[in-house]
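Q: need a 3D model of the sequence below.
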Amino acid sequence: MYLENNDFRSWDRPWEPLPSTVVQCSWTVLIPFFNERDMLDTTLSSLAAQDMRFELILIDNGSTDGSGAVAAASCRRLGLDFTLLLEPRPGKVNALAAGVERVRTCYVATCDADTTYPSDYLRQAARLLDQGAAAAGAYFVTPDAAPRDHAKAARRITRAAAVLPDQCHTGGAGQVFRTTVLRRVGQFDARRWGYVLEDHEIMHRVAQHGTIAYGERFWCAPSPRERDRGSIRWTLTERLAYHLTPRPARDWFFYSFLANRLAGRRLTSDRIRERSFQDMVQPIENERLAA
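A: Residues are numbered from 1 along each chain as shown. Just a heads-up that it's a prediction; the model follows:
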């Protein structure tokens with residue numbers, strides 16, 4: 001998780017550790033982001049406290065606020081071994097695809113730039129995957145959640161998984177995968193699925209190759225900030241259809257029914273970047289941000 005030698009490549013290209021500094025470990029953490037300079041340091045600080053070693057891949061999806069330089073500066077301050085990729089194709093699906101291409105470890109976690117993670121997040125995820133699951137999902141709580149809130153959220157997700165075991169019950173901020181399975185199903189690919197709700201679609205494919213596990217101690221805390229994302233969510237009709245469609249017809253649900261409806265509403269993956277709470281500022285010089 002930590003670098004003993006912060007010997008990074010030149011500042012005018014993606015930040016990557018030299019081959020001699022790469023740490024062999026079980027986990028890679030992917031963090032795609034777009035204009036998240038105010039949130040990245042908190043997220044990265046929580047990951048720096050993990051009690052398992054990991055490789056970190058940050059994917060800047062065309063930020064205009066200097067988020068890439070902020071992320072690099074935070075990683076250097078925290079001593080995190082990291083790679084920073086620049087993915088100009090808009091959309092979270094494209095950003096995740098670029099990140100997965102660089103994964104060399106047996107497990108991979110997709111994390112959000114506005115989410116904090118407990119220090120045992122990867123260890124709890126490994127516990128679930130080591131039991132044979134193809135993927136696992138964390139339940140969500142607020143950063144200030146009390147023990148009773150954790151217990152309630154844990155019961156909710158484990159009960160839902162018991163009733164609907166082959167469905168997705170959490171978002172991409174709290175998903176982890178066996179890398180071999182993720183690649184076997186074609187990983188993230190905008191040509192296959194270039195819409196929102198990519199977290200549910202990828203779990204649909206993964207569930208065809210193994211179980212999806214949920215645990216009472218596996219959680220994370222998304223930021224409570226205003227989301228302004230109501231327009232990119234699925235409708236009640238679509239959600240009910242997801243739960244009621246039998247497993248053999250789930251391909252039809254995603255690639256005919258839901259894809260056509262999302263396309264009709266123009267809910268492509270890049271729409272998730274359209275958030276009024278983010279100022280679309282001009283790029284800021286990396287050198288000044290990293291100073």
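Q: what's the neighbour count on the nearest residue to Trp252 once chain neighbours are set aside?
A: Leaving aside its sequence neighbours, Trp252 sits nearest to Thr245 (C-beta to C-beta, 6 or more residues apart in numbering; 7.5 Å). For every residue, glycine as well, the C-beta is placed using N, CA and C. The tally of other residues near Thr245 (other C-beta atoms under 10 Å) stands at 17.
Q: how close does Thr245 sit to Cys168?
A: Counting by C-beta to C-beta, to the nearest Å, the gap from Thr245 to Cys168 is 13 Å.
Q: and if you look at Arg191?
A: Taking C-beta to C-beta, one finds Arg191 at 21 Å from Cys168.
Q: which one of the two has more residues nearby?
A: Taking neighbours as other C-beta under 10 Å, Arg191 and Cys168 compare with Cys168 leading, 23 against 8.
Q: give me the secondary structure label for that one.
A: Under DSSP: H, G, I helix; E, B strand; the rest coil, Cys168 falls in the coil class.
Q: so it touches Asp199, yeah?
A: Yes: between Cys168 and Asp199 a contact is recorded at 6.2 Å, counting by C-beta atoms under 8 Å.
Q: that older thread, pLDDT value on the residue nearest to Trp252, please?
A: Among the per-residue scores, Thr245 shows a pLDDT of 96.
Q: one more: Arg271?
A: You'll see Arg271 listed with a pLDDT of 76.
Q: in the longest helix seen in the chain, what's buried?
A: Using DSSP state H, we find that the single longest helix of the chain is helix 147-163. The neighbour-count check on helix 147-163 (16 or more other C-beta atoms under 10 Å) flags Ala153, Ala154, Ile157, Thr158, Ala160, Ala161 as buried.
Q: of these, closest to Glu238?
A: Ala160 (17.2 Å; C-beta to C-beta).
Q: which stretches of the stretch 101-250 of the chain form strands?
A: 107-110, 115-116, 135-140, 175-178, 212-222 (DSSP state E, counting those that start in this stretch).
Q: in TSV: those, plus mean neighbour count and distance to Leu267.
A: Rendered in TSV, the data for the strands of the stretch 101-250 of the chain read as follows (neighbours: other C-beta atoms under 10 Å; distance: least, C-beta to C-beta, whole Å):
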stretch	mean neighbour count	distance to Leu267
strand 107-110	26	20
strand 115-116	22	22
strand 135-140	25	22
strand 175-178	24	20
strand 212-222	20	20
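Q: as CSV, the ones you listed with distance to His204 and mean pLDDT would be great.
A: Below are the strands of the stretch 101-250 of the chain laid out as CSV (distance: least, C-beta to C-beta, whole Å; pLDDT from 0 to 100):
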stretch, distance to His204, mean pLDDT
strand 107-110, 15, 98
strand 115-116, 22, 98
strand 135-140, 11, 98
strand 175-178, 12, 98
strand 212-222, 10, 96
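Q: so can I have JSON lines of those showing distance to Leu80?
A: As requested, the strands of the stretch 101-250 of the chain are exported to JSON lines (distance: least, C-beta to C-beta, whole Å):
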{"stretch": "strand 107-110", "distance to Leu80": "14"}
{"stretch": "strand 115-116", "distance to Leu80": "15"}
{"stretch": "strand 135-140", "distance to Leu80": "21"}
{"stretch": "strand 175-178", "distance to Leu80": "18"}
{"stretch": "strand 212-222", "distance to Leu80": "18"}
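Q: helix or strand for Asn94, which one?
A: Following DSSP states H and E, one finds Asn94 within helix 92-100.
Q: mind giving me the packing neighbours of that helix?
A: Applying 3 or more C-beta pairs under 8 Å, 6 or more residues apart in numbering; DSSP states H and E, we find helix 92-100 packed against strand 27-33, strand 54-60, helix 179-184, helix 198-206.
Q: quick one: list the elements packing against the last one.
A: Packing contacts for helix 198-206, counted by 3+ C-beta pairs under 8 Å, 6+ apart, involve helix 92-100, strand 135-140, strand 175-178, helix 179-184.
Q: take the ones you listed and write them to CSV, including distance to Cys111.
A: Output for the helices and strands packed on helix 198-206, formatted as CSV (distance: least, C-beta to C-beta, whole Å):
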stretch, distance to Cys111
helix 92-100, 10
strand 135-140, 10
strand 175-178, 9
helix 179-184, 15
